[in-house]
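> The following block contains a protein sequence and its predicted model.
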Amino acid sequence: MPQMMPAAQLPPFLLRNARLLPNRDDILPLLSRHAVIAEVGVMTGDFSKKILDICKPRLFYALDIFNVHELPEVWGGHRRKCLLIKPSRLFMNPALRKTSPAGR
């Protein structure tokens with residue numbers, strides 16, 4: 001097995017104003033409103049919806065490879081349960097689609 005490289009230490013100046021939050025939902029009220037926001041790994045779009053509702057971004061980028069159909073299981077369960085949610089609903093739902101000027 002190859003040796004893992006040790007993680008680089010963060011310089012103290014990057015941690016000066018750091019805050020520890022119990023979960024990712026708690027950061028949403030702290031983010032700027034009407035800003036450009038990107039979410040990497042949107043999966044089912046649930047957190048994307050929260051971002052849109054709370055932050056009301058001027059432009060929102062939802063990034064994902066949408067390969068859930070290729071996985072044998074998702075979050076410890078059969079992928080079929082996740083596929084019923086339809087990860088692409090974020091882009092198919094007109095209410096979410098109209099959040100960006102280009103409808104993307």
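Nice, thanks for sending it over.
> Show me the helices in this protein, by range?
Under the criterion DSSP state H, the chain carries helices at the ranges 46-55, 79-85, 89-92, 94-97.
> Comparing these by mean pLDDT, which bottoms out?
Within the helices of the chain, the stretch with the lowest mean pLDDT is helix 89-92, showing a mean of 49.
> show me where pLDDT drops low in this protein?
1, 68-69, 75, 77-104 (pLDDT under 70).
> repeat that with 80
By pLDDT under 80, the low-scoring segments of the chain are 1-2, 43-44, 66-104.
> and Ile51, how many neighbours?
23 (other C-beta atoms under 10 Å). Yep, even glycine has a C-beta here, placed from its N, CA and C like the rest.
> Likewise for the one 5 residues further on?
By other C-beta under 10 Å, 14 other residues sit near Lys56.
> for it, phi and psi?
Backbone torsions of Lys56, given as degrees, to the nearest 10, read phi 50, psi 60.
> Surely it and Arg33 touch.
Yes. Here Lys56 lies in contact with Arg33, judged by C-beta atoms under 8 Å, at a distance of 5.5 Å.
> who's Ala62 bridged to?
Per DSSP bridges, the residues bridged to Ala62 are Glu39.
> Any idea how far apart the tips of stretch 26-46 sit?
End-to-end distance of stretch 26-46 (C-alpha to C-alpha, to the nearest Å): 15 Å.
> and if you look at stretch 8-23?
Using C-alpha to C-alpha, the end-to-end distance of stretch 8-23 comes to 24 Å.
> List the buried residues for it?
Counting neighbours by 16 or more other C-beta atoms under 10 Å, one finds that stretch 8-23 has no buried residues.
> And stretch 51-61, by the same measure?
Neighbour-count burial for stretch 51-61, counted by 16+ other C-beta under 10 Å, picks out 51-52, 55, 57, 60.
> same check, this time on stretch 22-39
Residues 37, 39 are the ones in stretch 22-39 that count as buried (16+ other C-beta under 10 Å).
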